[in-house]
Every structure is written in structure tokens, then in C-alpha cells.
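Trainee: here is my input; please provide its structure:
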Amino acid sequence: MKTQSQKKIGFTLIELLVVIAIIAMLLSILMPALSAVKKKAQQVVCMANLSQWGLVLTLYTEDHDNRFFAGSFNYTDPNGVTHASSESDLWPYALEPYYQMHDLMVCPGSPFRTPQIHKPSQIEEAGGNLTGGYGLNGWLGDTPEQVRITEGRDTANSWRTMDHYGSSKIPMMADAVWHTGRPEAEDLPPEQEFDFRYDDWGELSIDPSNHMKRFTVNRHKEQLNVLFMDGSVKPISPKELWRLKWHKNYDTSAPLPEWPKWMIHFKLRIRNKASASAQKKHRFRPVFFSVLIRHVSELPSLKPLGQSPPIPASCRQFYQCRGSYNPPQHKKSPT
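Mentor: Presented below is the predicted three-dimensional model:
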């Protein structure tokens, strides 16, 4: 007969199932929180990357008389002469001496490796696969004077230098699915969240007539990161892209497009400037100012020097009852 000390110590099947159920319940609670933390970390890394690109662009313009590179262009003048950009005019190649890390080209929050232009060495290392995650505002570019129009856009509207009023509203780079784009106010958002087409060779085909679609991405929980000309990096809603100053003559007050279903619930925080300033003035005006203005308007007007100011009837009666009412006399100044 076995004693109690000789019995094996272990868990029963019910106890194991209870432990597994508790662990599964804790994981179901923690996983959404961990996923949110991961996405937030990806957004922070993305903002750091764009901040580095802002520094790179600043260094380039400082070394080139405060002007940008030529950018992408293709134009045939009235004489039949074609002016086309070369690889050295594109921003990944023009900025090559100012950045070394390949990670700056990739947004960690991108759900897929977005087609992108790289440095020649990086293309060779990647086996010819172009990957990345950021797009440059194509209106940044010091195109040659002979080039009047490119991709159907007037190059006179381009930002050629870094010094402009309202630079905090001028986007330089943002999360995108293509390396560059020249958005217009009449551009429409994509009908689907990933509304992109592939050609017969399996390569991404971008709509040449709608450049805003290249930047309209839901990459960081209904937001995308944007680098502005003043060096700041801000997360904005995809709807707010239509209220940024993409080029010199871009109409930021133009009617907004009709939003597709996947964008309806997105927030639009940028409002009309006049209404926003009026609302801010009304909201932050202290109450005592209005009270003070009302009381000042009720005060009697001042009399000229040498005349006694009017005494309220209540004060006159009070002093007469006490027998000490003497209206104040103003001495005339000697002439």
C-alpha cells in the first residue's frame, strides 16, 4: 500500500484547461493594446524618418543657393525640342550625398513594400525591386526656364526655394505610394483604400491625371505623416490633404470632393481660416471684458474742467442727511 508521500503530485485535466483559458483571456485583452503600441511606435519612427528628410532637404538647398533640384519633367517646346529630366534630377539621386541609411526610404507602417525610386546601389542590392514608402511634393523643383509644362502642370506654380510665407502649410514629403506627385485641388480620392492597378508586367500603374491619389493613404490609424517646409512633421487625416498649400496658386478653400465610403468617418480638422479665427476669438474672450464694456458704456460723460461732475441722487441724499454734503470745487488754473 502506497503512502500519501509516495503519490505523484500533478495537475488534473480540468486544472490545465482552466489555466489555458485564463492565459487565452489575458492574451485577448493584451493583444489589442500591444498592437496599438506597435502601430504608434511605427508612426513615431516614420515621423523621425521624415524629420531626417527635412534636414537632408535643408542641407541640399543651403549648398545650392537655397534652390531645389530640378525634379521630374518632360516637355517639348514649340520648336520641337524635348526637355527631359535625368536620374540626377530626381530627389533620391540628387540627395544621395546627404543620406546613407536605406531605412529612411521605408515607412515601417506601410502594409506592403511600396514601389519607389532608390539610389542605383540600393536597386542593385535589392535585385531590382523598388521599395519604399514616401513621396516628394512634385511642386518642389527648380525646373529649367524652357520647361513650361510637365505632366499637364504649369511649372510656374512650383516652389523653387525654401523661403516662403506660410511654410508651415507647404508639404514637402509625406507617406505615399509613389515617389512623387503634383496634386491639384480638383483631384479625387481613390474609391477604395488600395485603389491601384497593375499593368501586364505586374508593375504598379499610377493614374497620371490624379496625383492626390498617390498621397491618400490610411497608413497610421486613419492618419498619414507629412513633412512641411518649416521642418515640422505632423500626422494629419487623409481628408486634410486637400487643405494644404501644394503649390503657389493652389486654392486651399476650393470645394472638397465627395468622400468615398472608406474615408467618410475620417476627421477633417482644418477649417476655414476666417471662421476659425472668429470662433477662437469668441471662445477665449474673458467674460469680465464684456461686463467691463457694458459698465463703461453706462458711465456719465465727463464734463469740461472747471465744472462739477454730476452727483447721483442717491449720493446727494446721503450726504445731505449727514449734513456734510459739499460738492467738490475745481480750481481754475491761473492763466
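Trainee: what's the next secondary structure element after the longest helix anywhere in the chain?
Mentor: In the chain, assigned by DSSP state H, the helix with the most residues is helix 13-63. Per DSSP states H and E, the first helix or strand lying C-terminal to helix 13-63 is strand 74-76.
Trainee: give the buried residues for stretch 224-243.
Mentor: Across stretch 224-243, burial judged by 16 or more other C-beta atoms under 10 Å covers 224-229, 233-243. (Each C-beta comes from the backbone N, C-alpha and C, glycine too.)
Trainee: also stretch 147-154?
Mentor: Within stretch 147-154, the residues scored as buried using 16+ other C-beta under 10 Å are 147, 150-151, 153.
Trainee: in strands, which of the residues you listed fall?
Mentor: 150, 153 (DSSP state E).
Trainee: mind giving me TSV with the buried residues of stretch 147-154 and columns for distance to residue 258 and pLDDT?
Mentor: Output for the buried residues of stretch 147-154, formatted as TSV (distance: C-beta to C-beta, whole Å; pLDDT from 0 to 100):
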residue	distance to residue 258	pLDDT
147	34	81
150	29	78
151	25	75
153	23	81
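Trainee: ok so, going back, helices or strands up against the longest helix of the chain?
Mentor: strand 134-137, strand 171-175, strand 224-228, strand 233-236 (3 or more C-beta pairs under 8 Å, 6 or more residues apart in numbering; DSSP states H and E).
Trainee: now do that helix against strand 171-175, angle only.
Mentor: Between helix 13-63 and strand 171-175, the angle comes out at 150 degrees (axes from the mean of the first three to the mean of the last three C-alpha atoms, to 10 degrees).
Trainee: orientation of helix 13-63 relative to strand 224-228 in degrees?
Mentor: 20 degrees.
Trainee: average pLDDT for helix 13-63?
Mentor: Per-residue pLDDT over helix 13-63 has a mean of 87.
Trainee: send the alpha carbons of stretch 242-259 over as PDB?
Mentor: What follows is stretch 242-259 as a C-alpha-only set of coordinates in PDB (Å, rounded to 0.1, in the frame of the first residue of the first chain):
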ATOM      1  CA  TRP A 242      -7.000  69.000 -49.900                       C
ATOM      2  CA  ARG A 243      -6.400  71.900 -47.500                       C
ATOM      3  CA  LEU A 244      -2.600  72.000 -47.800                       C
ATOM      4  CA  LYS A 245      -0.700  74.500 -49.900                       C
ATOM      5  CA  TRP A 246       0.800  72.200 -52.500                       C
ATOM      6  CA  HIS A 247       1.900  74.900 -54.900                       C
ATOM      7  CA  LYS A 248       1.800  78.700 -55.200                       C
ATOM      8  CA  ASN A 249      -1.600  79.000 -56.800                       C
ATOM      9  CA  TYR A 250      -3.200  76.100 -55.000                       C
ATOM     10  CA  ASP A 251      -6.700  77.000 -53.800                       C
ATOM     11  CA  THR A 252      -7.000  75.700 -50.200                       C
ATOM     12  CA  SER A 253     -10.600  76.900 -50.000                       C
ATOM     13  CA  ALA A 254     -11.800  75.000 -53.000                       C
ATOM     14  CA  PRO A 255     -14.900  72.800 -52.600                       C
ATOM     15  CA  LEU A 256     -13.900  69.400 -51.100                       C
ATOM     16  CA  PRO A 257     -14.600  66.300 -53.200                       C
ATOM     17  CA  GLU A 258     -17.200  63.700 -52.300                       C
ATOM     18  CA  TRP A 259     -15.600  61.200 -49.900                       C
END
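Trainee: residues in contact with that stretch?
Mentor: 137, 139, 156-159, 166, 169-171, 182-189, 212, 226, 239, 266, 268, 270, 272 (C-beta atoms under 8 Å, 6 or more residues apart in numbering).
Trainee: in this structure residue 134 contacts residue 50, no?
Mentor: Yes - judged on C-beta atoms under 8 Å, residue 134 makes contact with residue 50 at a distance of 7.0 Å.
Trainee: compare those two (neighbour count), which wins?
Mentor: Neighbour totals were compared for residue 134 and residue 50, and residue 134 leads with 28 against 23 (other C-beta atoms under 10 Å).
Trainee: could you dump the helices and strands packed on helix 13-63 into a markdown table and include distance to residue 94?
Mentor: Converted to a markdown table, the helices and strands packed on helix 13-63 look like this (distance: least, C-beta to C-beta, whole Å):
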| stretch | distance to residue 94 |
| --- | --- |
| strand 134-137 | 10 |
| strand 171-175 | 14 |
| strand 224-228 | 16 |
| strand 233-236 | 21 |
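Trainee: and those, which one is worst for confidence?
Mentor: Lowest mean pLDDT within the helices and strands packed on helix 13-63: strand 134-137, a mean of 91.
Trainee: so what does that strand touch, helix or strand wise?
Mentor: helix 13-63, strand 171-175, strand 180-181.
Trainee: which one of these lies nearest to residue 219?
Mentor: strand 171-175 (4.7 Å; C-beta to C-beta).
Trainee: identify the bridge partners of residue 161.
Mentor: Following DSSP bridges, residue 161 is listed with bridge partners residue 67.
Trainee: quick one: closest of the helices and strands packed on strand 134-137 to residue 220.
Mentor: Checking those against residue 220 by C-beta to C-beta gives helix 13-63 as the closest, at 4.2 Å.
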